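A.B. asks: here's my sequence, what's the structure:
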Amino acid sequence: MSLSPTELDAVLAQVDAALPQALDRLFALIRIPSVSTDRAYAADCRRAAEWLAQDLANIGFDASVRDTTGHPMVVGHARKGEGANILFYGHYDVQPVDPLALWETDPFEPVMKPLANGDTAIVARGASDDKGQMMTFVEACRAFKVVTGGLPVGISILFEGEEEAGSPSLAPFMEEAADELKSDVVFVCDTDMWDRETPAITTMLRGLVSQEIEITCADRDLHSGMFGNAARNALQVLGDVVASLRRPDGSVAVDGFYEGVTELSDEVRALWQRLPFDEQAFLSDVGLSIPAGEEGRSILEQVWARPSCEINGMMGGYTGEGFKTVIPAKASAKISFRLVAGQDPEKIRDAFRAHVLARVPADCSVTFKTYGLAPAITMPLDSEFLRATSGALTAEWGRETALAGTGGSIPIVGAFKEKLGADTLLVGFARFDNRVHSPNEKYDLSSFRHGIRSWIRILAALST
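C.D. replies: Now for the predicted structure:
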């Protein structure tokens, strides 16, 4: 159904009138300690799933709890025979609260805390990641139902309970439920705004290849006085391999690494140049001042649109207190590659392994372990869903919506594309200071209120 301006205003007014009740529901969900990584909370994870299924049913969704090999999924449908059909994804599980001593209040008892900027923070585990975020969408649906008796577009909802544990059950579940989850577009509300007042849509996600290598030289650690110079040092071999991964200009030196990588379009480059971004502050905030990536590229380009290679950890030899003069027999490293559109994760993995093998001496050996392979995702800028969502966010926040990339990787987005054939729009209302995964996690009341109102405008825009 298409909404008139008067009807839209009425739905928005309903949000403000019913905000206390919406907070009560959010607090009830937060009080369920749905920590997915700890088996002791398995019953609480199921309780959170059942709470959500019932809440969706209360506003007219055909909702149910679906068992998996791990924590259950929640699926809800309010389909329409014509017009757009969307899928909304969120997760009800939360991170552990440790270290508990650093929390100022009970992590699972929400507290409203006044902020110096005049806003109010909802302080609790899961307030931002992801219970507060996903409930903005549920409350938007509720406001539509109260005012108009229906929803403006067809909606399916998928809430999972293992996102914080790596989503082991999600891909198999999506394989089984692909037909019923088919939608025109997927929305994920688990990201940040550009700044406190500027909404953002994440349109680019880098992919990921994560590898661990272990190099073995001698059959045991050796005395450096007796074997120094004559015997291979596994740490030295590893150091040489790691040092060979980048060229002096900052580019990655693996053969074929840039195959398929394209330059930014003029349109995207112009969009990014308009974003309020301070390159100097970006580095100075972490105690640095000199960009370390490919020469001649902006920081946003380096972290959003260029592939990278990073050494995440190196181990070997004696690392205890004092000194031990050994030549280590084994040394290992964890290395990750962030990929951009056009790169094949399997080809990058194979090229990296070939690069390493070519540099390991013949009397030494190397083993490899893969932790993750995920492709990069790019949302077309001419998407009708992107245009409608961007306009709706701008109308609510009074600021031009930032079309942003992210240097991180969200494998679920690739799964939506692969299993459901749908593009994903990442629209979130968190602030960078929300302390997600840390003690005293918070979600600003303005984020919650404007988030609900934003989804109302988005759903209305998609109905026209």
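
A.B. asks: wait, is residue 121 part of a strand?
C.D. replies: Yes. According to DSSP: H, G, I helix; E, B strand; the rest coil, residue 121 belongs to a strand.

A.B. asks: tell me how many other residues crowd it.
C.D. replies: A total of 24 residues lie near residue 121 under the criterion other C-beta atoms under 10 Å. Any C-beta I mention is one placed from the backbone N, CA and C, and that applies to glycine too.

A.B. asks: does it really touch residue 105, like I thought?
C.D. replies: No. Taking C-beta atoms under 8 Å as the definition, residue 121 is not a contact partner of residue 105, at 11.1 Å.

A.B. asks: now the nearest residue to residue 276 once chain neighbours are set aside: how far from residue 405?
C.D. replies: For residue 276, the nearest residue in space outside its immediate sequence neighbours is residue 195; the separation is 7.0 Å by C-beta to C-beta, 6 or more residues apart in numbering. Counting by C-beta to C-beta, to the nearest Å, the gap from residue 195 to residue 405 is 16 Å.

A.B. asks: same check on residue 434?
C.D. replies: If you measure residue 434 against residue 405 using C-beta to C-beta, the figure is 20 Å.

A.B. asks: check residue 148 too.
C.D. replies: Here the criterion is C-beta to C-beta. By it, residue 148 lies 36 Å from residue 405.

A.B. asks: check residue 53 too.
C.D. replies: Counting by C-beta to C-beta, the gap between residue 53 and residue 405 amounts to 35 Å.

A.B. asks: now residue 121
C.D. replies: As defined by C-beta to C-beta, residue 121 lies at a distance of 28 Å from residue 405.

A.B. asks: residue 451 too?
C.D. replies: Residue 451 sits 22 Å away from residue 405, taking C-beta to C-beta as the criterion.

A.B. asks: more neighbours, the two?
C.D. replies: When residue 451 and residue 405 are compared for neighbours, residue 451 comes out ahead with 29 against 22, by other C-beta under 10 Å.

A.B. asks: I'd assumed residue 136 was in contact with that one.
C.D. replies: Yes. In this structure, residue 451 is within contact of residue 136 by C-beta under 8 Å, at 3.4 Å.

A.B. asks: which neighbours do these two have in common?
C.D. replies: Contact with both residue 451 and residue 136 is made by residues 189, 429, according to C-beta atoms under 8 Å, 6 or more residues apart in numbering.

A.B. asks: where does the prediction get shaky in the protein?
C.D. replies: Scanning the chain with the threshold set as pLDDT under 70 gives 1, 81-82.

A.B. asks: domains of it?
C.D. replies: The chain breaks down into these structural domains: 5-205+376-462, 207-261+307-374 (assignment by automatic domain parsing).

A.B. asks: nearest to residue 269, of the ones you listed?
C.D. replies: For these, distance to residue 269 was read as C-beta to C-beta. The smallest value, 11.8 Å, belongs to domain 5-205+376-462.
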